[in-house]
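1. model this:
(2 chains)
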Number of protein chains: 2
Amino acid sequence: MQYSELTKEELVALYSSLKNEYEDLKGQKLNLDMSRGKPSADQLDLSMDLLKQIIGVYDCKAENGLDCRNYGVLDGLPECKRLFSEMLEVPCENIILGGTSSLALMFDYITQCLLKGSGGLPWSKQSNIKFICNVPGYDRHFSICEYYGIKMISVPLEDDGPDIERITEIIKDPTVKGMFCVPKYSNPTGITYSDEKVRALAALKPAAKDFRVIWDNAYAVHDLNSTPDRLLNIFDACKEFGTEDYFVEFTSTAKISFPGGGVSCIAASENNIKMILSRLNMQTICYDKLNQLRHAKYYQNLEGIKLHMKKHAQIMAPKFNIVLEAFNRELKPYGLAKWTEPNGGYFISLDTLGCSAKRVGELCKSLGVVLTNVGATYPYGVDPDDKNIRIAPSFPTVPELKKAAEVLCLCIKLATIENLV
Amino acid sequence: MQYSELTKEELVALYSSLKNEYEDLKGQKLNLDMSRGKPSADQLDLSMDLLKQIIGVYDCKAENGLDCRNYGVLDGLPECKRLFSEMLEVPCENIILGGTSSLALMFDYITQCLLKGSGGLPWSKQSNIKFICNVPGYDRHFSICEYYGIKMISVPLEDDGPDIERITEIIKDPTVKGMFCVPKYSNPTGITYSDEKVRALAALKPAAKDFRVIWDNAYAVHDLNSTPDRLLNIFDACKEFGTEDYFVEFTSTAKISFPGGGVSCIAASENNIKMILSRLNMQTICYDKLNQLRHAKYYQNLEGIKLHMKKHAQIMAPKFNIVLEAFNRELKPYGLAKWTEPNGGYFISLDTLGCSAKRVGELCKSLGVVLTNVGATYPYGVDPDDKNIRIAPSFPTVPELKKAAEVLCLCIKLATIENLV
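-> Okay, the predicted model is just below:
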């Protein structure tokens, strides 16, 4: 029976019984973290052989004989570029490899647009520039905008991608310079943009001719089950409309190999690659080619990456299932929330239906369960409906996760009754 | 006998005999590179055991138990910070570790000053900003200024450091925002700033309160012989004058471990560290802690680094000597050039006395010997006196270097006679 249909007396009685559970859990002094999309240690163990790839002097040579220990090769080692080329279905000449962080590549790209422009005046010389943020979204995208004073315009993300109608209206304003997208297994909702939406994005006609979409394809190969989503290649979609310059794609092996020690990647049009290289040529001599070589040697090709990602899925899928089963058992019958059931990625997005998400976060915290800061999935940390909670099931162990899901469900129940009574 | 004292007939006869040597060398179809400060392969071999430090799962744990394969620790791994702290004599809390490139840290710092300022208005909102460049200097410093349209003011470097008098005058202009310094084994002259000069720099009173000196201490431990230079710690010198905020120090292990795979480092005042961290917190989640851990495990402490640098010196010193011996033998008796004899670093700086350095570069190139682009040691690539040549003896093998030095001396002789006749 739905909580909303219970009488006040029934709710009070229920609350008192739930409160007993709460006190019991409090006594357990939990310390569980579902806040960030951190792989678990056993996922990291999967890539340990990667670190054995380069030990002897001979191991340091690239296919073309280059000594990867020394300076040189700004755009990335050819065999490692090939790996990303297969993964993103983008030619090697449209790829640049970076250091360990794709976030840094995005930050540096936006910084470049601010100081050198993206075809027009430097963004820092144009006033009141704005970015579209699909919400709920990735807090670290929003932080970049906030840091640089780029005004964010929220557009609710639909089940199959961005709201094209709203976006079409918004980009009539030439001060709107771009948009953040996580097109596959979106952070946090886990949805993938449909072919139709990708084509519609490729067909956009922004008033700003220096418009740029940060196409953060962080979860390109991060499937969880045997019915994975498929994302249309944005650059293929752009060809029809000649809009390749509007999209700059980013990815990394952070959640394939090591979050602190992977390889990051930009894929972009010839024009954009040229501008990025002309900046990189001032910024550094080269990124870490030894690490690029390690990755190329270990994964070898897309097939190698896919096999590897199946091992990740064997660890991740049961964790997603634990959370979803708890929700289906504890929340669904009572109409307390709705959530996504993604085929990949790192997150489950939950929307409360009858209570404050912030209150849920507080209650969880008081029981030792840390969620992603409630509100963080919206620009400026403010969820206007105070309903969205991002759940990151990857890091805790299975027993920890069972406990954490139990706590979360209990706290949603308590917060909902508090709200109703 | 000095060339300048020879008669025209003597010079013509000499030229003809030298030209025979030239043709002979041309027939040898040489392909030698003295252009960049690249370590040689046998120097890189010295650090191979570094790559064996992290192979098993247990190896990935930091001293404090942290799993270095995962996200976290923005400012750098404590044990690796300690290594740099000992090297630079700066407390760990004033240190941030970066990726493989200290050039990237400098570029990003200047970028930060442009967009967020260094205490005052963002530099990009102030017009006609300028930087002092000590010349001859490092071309990649100049490139950053040129890329960002920061006007460069050249100040000739003296044998014991910058020309304080000139600088004192120049910084009366509040649009002069900073200065590039390579204070130890300066690139390319190899000189080290005297204590007096370091103190005078610390005592500077720039009109711009947001003045910043890029203190590029790239060769902090790169001694060549048993009479190494000693650089006064800039932050110690600043204490007396309260000018710590004016100096931001950079270094890396590029030329200790691997140029493509080392660890970079910033050392700065509390204020500056705070501003840099607030940007880094937006730019990335963390740098490569596995590589930081490898370095910490392998070198362990300053003593370990010093022992290691002695092995580098055993390879480097003979190469410096080959070049200097050739100069002393082939150029000195004839008054054709002057040069530095550094106790460390990567370069010898030669000034021609009676010919165009550009012409020498052309002649060398025609014999298959590549020097650093003549002019590159000056802002905008223009050496006003067309005399400076940067020689990088590290990369060629000993026999190659002997040949290259022979070629260089011959070309200086030819160019000088061309000039005299």
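2. I'd like the distance from the residue in the stretch 301-421 of chain A that chain B sits nearest to to residue A:182, if you could.
-> For the stretch 301-421 of chain A and chain B, the shortest gap (CB to the nearest CB) falls at residue A:395, measuring 8.5 Å. Any C-beta I mention is one placed from the backbone N, CA and C, and that applies to glycine too. Distance, residue A:395 to residue A:182, by CB to CB, to the nearest Å: 19 Å.
3. These two: who's more crowded?
-> Comparing residue A:395 with residue A:182 by other CB atoms under 10 Å in any protein chain shown, the one with more neighbours is residue A:182, at 27 against 22.
4. Might one say that the more buried one is in contact with residue A:220?
-> No. Look at residue A:182 against residue A:220 with CB atoms under 8 Å: they stay out of range, at 10.6 Å.
5. which residue ranges form the strands in the stretch 251-400 of chain A?
-> A:264-267, A:337-339, A:348-352, A:369-371, A:388-391 (DSSP state E, counting those that start in this stretch).
6. Indicate which one of these is closest to residue A:25.
-> strand A:369-371 (8.9 Å; CB to CB).
7. Which elements pack onto the closest one?
-> strand A:32-34, helix A:357-366, strand A:388-391, helix A:398-420 (3 or more CB pairs under 8 Å, 6 or more residues apart in numbering or on different chains; DSSP states H and E).
8. partners of the helix-or-strand element of chain A with minimal mean pLDDT, with directions?
-> The least trusted helix or strand in chain A, going by mean pLDDT, DSSP states H and E, turns out to be strand A:32-34, with a mean of 91. With DSSP bridges as the test, strand A:32-34 is paired with strand A:369-371 (parallel).
9. Can you tell me what sits against the strand it pairs with?
-> A:30, A:32-35, A:360-361, A:364-365, A:389-391, A:403-404, A:407-408, A:411 (CB atoms under 8 Å, 6 or more residues apart in numbering or on different chains).
10. How about the residues of the stretch 101-250 of chain A by chain B?
-> The stretch 101-250 of chain A comes close to chain B at residues A:101, A:103-104, A:107-108, A:111, A:114-115, A:122, A:124, A:140, A:143-144, A:147-148, as judged by CB under 8 Å from any CB of the partner chain.
11. can the helices and strands packed on strand A:369-371 go into TSV with extra columns for mean neighbour count and distance to residue A:155?
-> Formatted as TSV, those follow (neighbours: other CB atoms under 10 Å in any protein chain shown; distance: least, CB to CB, whole Å):
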stretch	mean neighbour count	distance to residue A:155
strand A:32-34	22	27
helix A:357-366	20	20
strand A:388-391	26	15
helix A:398-420	21	27
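12. any idea which of those scores lowest on pLDDT?
-> Of all these, mean pLDDT reaches its minimum on strand A:32-34 (a mean of 91).
13. distance between that strand and the chain's centre?
-> Relative to its chain's centre, strand A:32-34 lies at 18 Å (CA atoms, centre = their mean, to the nearest Å).
14. And for stretch A:30-38?
-> 16 Å.
15. do stretch A:343-361 as well
-> 16 Å.
16. same deal with stretch A:128-143?
-> That offset, for stretch A:128-143, works out to 12 Å (CA atoms, centre = their mean).
17. Counting neighbours, which bits of that stretch end up buried?
-> A:129-143 (16 or more other CB atoms under 10 Å in any protein chain shown).
18. secondary structure element for the residue nearest to residue A:279 when sequence neighbours are not counted?
-> Using CB to CB, 6 or more residues apart in numbering or on different chains and skipping residues adjacent in sequence, the residue nearest residue A:279 is residue A:112, 5.1 Å away. In the assignment (DSSP states H and E), residue A:112 maps to helix A:102-116.
19. For that helix, give me every contacting residue.
-> A:98, A:118, A:122-124, A:140-141, A:144, A:148, A:150, A:177-178, A:210, A:212, A:214, A:216, A:218, A:248, A:250-252, A:254, A:264-266, A:275-276, A:279, A:283, B:108, B:111, B:114-115, B:124, B:148, B:282-285.
20. Report the rounded mean pLDDT for that helix.
-> pLDDT averaged over helix A:102-116 gives 98.
21. List the buried residues of that helix.
-> A:102-116.
22. What of stretch A:36-55?
-> A:36-40, A:43-44, A:46-48, A:50-54.
23. Equivalent analysis for stretch A:17-29, please.
-> Buried-residue list, stretch A:17-29, by 16+ other CB under 10 Å: A:22, A:25.
24. Dump the C-alpha coordinates for it into CSV.
-> Only the C-alpha atoms of stretch A:17-29 are listed here, as CSV (Å, rounded to 0.1, in the frame of the first residue of the first chain):
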residue,chain,number,x,y,z
SER,A,17,8.7,0.8,14.2
LEU,A,18,11.0,2.2,11.5
LYS,A,19,12.7,4.4,14.1
ASN,A,20,13.5,1.2,16.0
GLU,A,21,15.2,-0.1,13.0
TYR,A,22,17.0,3.2,12.7
GLU,A,23,18.3,3.0,16.3
ASP,A,24,19.4,-0.5,15.7
LEU,A,25,21.4,0.5,12.6
LYS,A,26,22.8,3.5,14.5
GLY,A,27,24.2,1.1,17.1
GLN,A,28,26.1,-0.7,14.3
LYS,A,29,28.3,2.4,13.8
